[in-house]
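Q: Below are the sequence and a predicted model for it; my questions follow.
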Amino acid sequence: MASDAPPPEGGTDTSPAQSTPDRPTTAQPTTAQFVEVQESAEFGELRRTYRSFAFPLTVAFIAWYLLYVLLSNYAGGFMGTKLFGNINVALILGLAQFITTFLIAWFYARHASRKLDPKADVIKSRMEADA
């Protein structure tokens, strides 16, 4: 997510609120280091990897949701079609909305842990080492 706010200023933060015995205070990267990383090809690849997953899946899910809403509003006869017992098409499609939401969350978590997190960890560790 892009922001107009500048990255934190560099230097060592020695405030006692952030320093604990198990987590000592570390130096922060400078603004120039943040900008350098943001403009790097490695960071660009990380963004492309994220966007190539997130954008198409988001568009597909919104289209699927809007299809459900439109069918509910304009195809009442179809949505009211009983499949078995008191179970109709609307109920099945409504439950499928929840199922696809959980599947997308699971799929994204798996994708992030395999493809995004390793790349982000490399960038983060390099920035922490250079600070």
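A: Sure thing, it's come through.

Q: Tell me the buried residues in the helix or strand containing Asp117?
A: Secondary-structure element containing Asp117, defined by DSSP states H and E: helix 117-130. By neighbour count with 16 or more other C-beta atoms under 10 Å, helix 117-130 contains the buried residues Lys119. Any C-beta I mention is one placed from the backbone N, CA and C, and that applies to glycine too.

Q: Leu83 contacts Leu93, doesn't it?
A: No: in this structure Leu83 lies outside contact range of Leu93 using C-beta atoms under 8 Å: 10.7 Å.

Q: between the two, who's got more neighbours?
A: Leu93 (15 against 10; other C-beta atoms under 10 Å).

Q: who touches the helix holding Asp117?
A: Contact with helix 117-130 is made by 26, 29, 33-34, 37, 42-43, 45-46, 49, as judged by C-beta atoms under 8 Å, 6 or more residues apart in numbering.

Q: Apart from its neighbours in sequence, what residue is nearest Tyr50?
A: With C-beta to C-beta, 6 or more residues apart in numbering as the measure, Leu116 is the residue that lies nearest to Tyr50, at 5.9 Å, once sequence neighbours are left out.

Q: Repeat that for Met79.
A: Beyond its immediate neighbours in the sequence, the residue positioned closest to Met79 (C-beta to C-beta, 6+ apart) is Ala90, lying 3.9 Å away.

Q: still on that earlier bit, give me the neighbour count for the residue nearest to Tyr50.
A: The tally of other residues near Leu116 (other C-beta under 10 Å) stands at 17.

Q: mind listing what it touches?
A: Neighbouring residues of Leu116 by C-beta under 8 Å, 6+ apart: 46, 49-50.

Q: Of those - the most surrounded one?
A: Per-residue neighbour counts (other C-beta under 10 Å) across the contacts of Leu116 peak at Leu46, which has 19 neighbours.

Q: now the helix or strand containing it and helix 117-130, what's the angle there?
A: Under the criterion DSSP H and E, the helix or strand holding Leu46 is helix 41-74. On the basis of axes from the mean of the first three to the mean of the last three C-alpha atoms, to 10 degrees, helix 41-74 is oriented at 140 degrees to helix 117-130.

Q: pLDDT averaged over helix 41-74, what's the number?
A: Per-region confidence: helix 41-74 scores 95 on mean pLDDT.
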